[in-house]
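Colleague: just a sequence and a predicted model for now, questions to come.
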Amino acid sequence: MGRFILKRLLLGIIIIIGVVIITFAMTRMIPSDPAAQWVGGRATPEQVEKARVELGLDKPLYTQFFIYVKDLVSGNLGYSLRTHRPIMSELKSRVPATIELIFFSTVISILVGLPLGMLSAKRKNKTADHLSRIFSIGFVSVPTFWLALILQLVFFRILGILPMGGQLSMEVKLFEQIPHITGILTLDSLISGNYTIFKDAIIHLILPSLAVAAYPIGLITRMTRSALLEILNEDYIKAAKSYGLSDRLVYWSYALKNSLGPTITVVTLSLGYTLMNTFLVESVFSWPGLGKYVAGSVTSLDYPAIMGITIFAAVAYILLNMIADIIIALDPRVRL
Amino acid sequence: MIRKQIIPEAMQSRINSFKESVFLLKKNKLTYTAAIIIIALVVIAILAPIIAPYPSHVYSNNPKDQLLSPSWKFINGTDELGRDIFSRIVFGTRISLLASVIAVGIALLVGIPLGLIAGYYGGFLDELIMRITDMFLSFPPLLLAMAVAAFLGPSLRNAIIAIIITWWPWYTRLIRGQTVSIKEKEFVKAARSIGTSSGVIMFKHILPNSIAPVIVQASMDLGGIILTLASLSFLGLGAQPPIPEWGLMVNTSLTYFMNAWWYGIFPGLAIFITVLAFNLMGDGLREILDPRTRGQ
C-alpha cells in the first residue's frame, strides 16, 4: 500500500518534469522573437538587445532551462507580454471563478450521469437504454461553445428568464457589498450571509454550468453503464443471484459498490474535459475565469501567459489523477 | 492439393464474418443511419461546388445582403459580409473531413511504428517510449493542442499539426498492448525461428493481426478531431478568415449573435451532426467488432 503510493508519487513527479520539458521546448519553438515582442513594435535594436539580457534570453539553452525550472518551483510563471504583470498573480485572481464553474458543472454531471448510466445498465437493450445511449453520445458530440450559444439564445433572448452572462447583475454589483474571502463568489456570499448576492450568483451560474456539464454527462453515463455491465457479468454476482438474493439487493449493494472505482476514474477523467470546456464557454458568457484569460492571451499571442496556464492546468490535472489513483488503491482488492 | 482445400475454407470463414458484420450493421439502425450520414457528408464535400448555391460567396464578399435572416434565397441566412452561410457550410465540410483524415493518418503513421517497436523489443526502448507517451497523455485533453497551436502561430495547418502531436500517443499505446500479447504466439516464434528479420515480423506478421482495434479507434477519433479542430478555431487558434471553417464561423458570429442567431446556429449544427455521426458509427463498430458484445 505505502509502496504503491510512493511509486505513484514518484511517477507523478517524473511526469511533471516531462511536462515542464515539453513546455520549455515549446517556448523555444516560437517563430517570433520574445525580446522584440516584450519591448513592442517600435523599439530600437539596442532596446531589444537590452530586453534580451533582462529576460535571460542571451544565456545558453541549458542555463535558461535551469532558470526556468527554478522560477517554476518558486511559483514564478514569468510576466505577461500583454499586461507586463506577473502571470501567477493574474492566474490567482481568475482561478476562483473557474473553480466555481467546474465544481457546479461536475456536481450536475454526476447527478445526471450516474443515475442515467445505472438505469441504462439495469435495462440493457430496452428503450431506456437506447434513449440514454443516444443522449450520452449526443452530449459527447455537441460542441460546447455552440451549446452555450443555444442556451443563451433560448433562456435569455427568447424566454428572458436567465441572464446573458457575467457573474452578477448590475444592480447587485452597485448596491451590495461584495465579500472577498476565498474569491469564490457563491461560497463567500454564503459565509457572509448575504443571500441577495448568493441568489444572484447562482442564477448567473446556471447556464454556463449546464453548457460545461454536457460533455461529462455523456462520458459518465457511458462509462458507468459499461463498468456496471462488466461487473454484472462477474461470477460473484451470478453466485449471489443463484443464492436467491433479490435482484435489487445484488444490484444496489454488490454491483454498485464495486463499480465505484471505475466511476471515480471517469469523474477525474471528465474533470480534464470540464476544465477545457470552461475555456470554451467562459468567453460566450463573459465569465471572468481562466478561460477568458486564455482567449485574451491567445488573440494577443501572449506566449508566457499561454505557457503559464498550460503548466498550471497540466499540473493540476496530474495531481487530480494521482489523488484518484490513490483513492482507488485504498480499495484492498486492488492488487499492488 | 492440401493448400487448395485449406485456403478457400479459411477465406470462407472470413467472408462469413464480413457478411455477418454487414448484417449486424444493417440491423443496428442507429449505426446504419450514421453510416448513411457519413456517406452523405463525403458526397457533399466532393460535390461542394455543385451543391452550394453561391460558390463565389465562400471567399468573396457580397455587401448588399448583409446579415439577412434565413429565406428561400439564402436558406441559412447571410453573414456580416453578405455571404451565403449555407454555401460556406457546404464548403466547410471539405475542410473538416479532410483535416481530420489527414490528422488521423499522420498520427497513425507516427504512432504505429513506435508502438510496434516498444511492444516488440521491450526493455529500455519500451520504457522510454511509454514514458514519453505518458507525458503527452498527462496533459488535459485539448490543452496541449491549444498550447502547441498557439506557439506555432494560429493557422489551419498548425492546428492540424497540434492535433497530431496530441493524438499519436494513443495509437502507440494501443498497438504496443496488442504487440505484447501477439509476439509470444506460435506463428511469430515460427517466423523468428526461420530467420525472418525483426522488421518483417513486426510489419508483416504482427501488424496485420493487431490492426483491428486501431481501426475502430481511428474511426471514432475522426469525430473527436473534427470537434477539437472546431474548438481550436473557435478559440482563434485554427483556421483564419476567410476560410469557411465551422468553428471559426461560430467564433465570428459571436459579435452579431443577439441580432443574427442563424449566423452561429447553422455552422454549429453542422459540427454537431458530423461529430454525432462519427461517434455513433464508432460506437456501433466497436460493438460489432468486439467479440464479447457481438452476439448480443
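Modeller: Perfect, thanks for sending it. Residues are numbered from 1 along each chain as shown, chains lettered A, B, ... in the order given.
Colleague: just the strands in chain B please.
Modeller: Assigned by DSSP state E, chain B shows no strands.
Colleague: so which residue is smack in the middle of chain B?
Modeller: By C-alpha atoms, centre = their mean, chain B has its centre lying nearest to B:Leu222, at 1.6 Å.
Colleague: what sits against that residue?
Modeller: Contacts for B:Leu222 (C-beta atoms under 8 Å, 6 or more residues apart in numbering or on different chains) come out as B:100-101, B:104, B:278, B:282. For every residue, glycine as well, the C-beta is placed using N, CA and C.
Colleague: any idea how far apart the tips of stretch A:26-35 sit?
Modeller: End-to-end distance of stretch A:26-35 (C-alpha to C-alpha, to the nearest Å): 16 Å.
Colleague: residue contacts, B:Ile226?
Modeller: By C-beta under 8 Å, 6+ apart, B:Ile226 lies in contact with B:96-97, B:99-100, B:271, B:274-275, B:278.
Colleague: sitting in helices, which of these do you find?
Modeller: Among the contacts of B:Ile226, the ones falling in helices (DSSP state H) are B:96-97, B:99-100, B:271, B:274-275, B:278.
Colleague: which one of those has the most neighbours?
Modeller: Ranked by the number of neighbours (other C-beta atoms under 10 Å in any protein chain shown), the ones in helices among the contacts of B:Ile226 place B:Ile271 first, at 30 neighbours.
Colleague: neighbours of whichever residue of the stretch 1-150 of chain B sits closest to chain A, how many?
Modeller: Closest residue of the stretch 1-150 of chain B to chain A, C-beta to the nearest C-beta: B:Met135 (3.3 Å). Using other C-beta under 10 Å, B:Met135 has 21 other residues around it.
Colleague: what does B:Met258 give?
Modeller: 12.
Colleague: and A:Leu190, by the same measure?
Modeller: Neighbours of A:Leu190 using other C-beta under 10 Å come to 16.
Colleague: again with the one 3 residues further on
Modeller: When neighbours are counted by other C-beta under 10 Å, A:Gly193 registers 9.
Colleague: surely it forms part of a helix?
Modeller: No: counting by DSSP: H, G, I helix; E, B strand; the rest coil, one finds A:Gly193 to be coil, located in no helix.
Colleague: helix/strand/coil for the residue nearest to the spatial centre of chain A?
Modeller: A centroid search over chain A (C-alpha atoms, centre = their mean) returns A:Leu275, at 2.2 Å, as the residue closest to the centre. Look at A:Leu275: counting by three-state DSSP, its state is helix.
Colleague: for the closest residue to it other than its chain neighbours, give me phi and psi.
Modeller: The spatially closest residue to A:Leu275, leaving aside those adjacent along the chain, is B:Pro140, at 5.4 Å (C-beta to C-beta, 6 or more residues apart in numbering or on different chains). Backbone torsions for B:Pro140, taken as degrees, to the nearest 10, come to phi -60, psi 140.
Colleague: quick check: B:Pro140 touching A:Gly272?
Modeller: Yes: counting by C-beta atoms under 8 Å, B:Pro140 touches A:Gly272, with 3.8 Å between them.
Colleague: list residues touching both of those two?
Modeller: Common contacts of B:Pro140 and A:Gly272, defined by C-beta under 8 Å, 6+ apart, comprise A:Tyr317.
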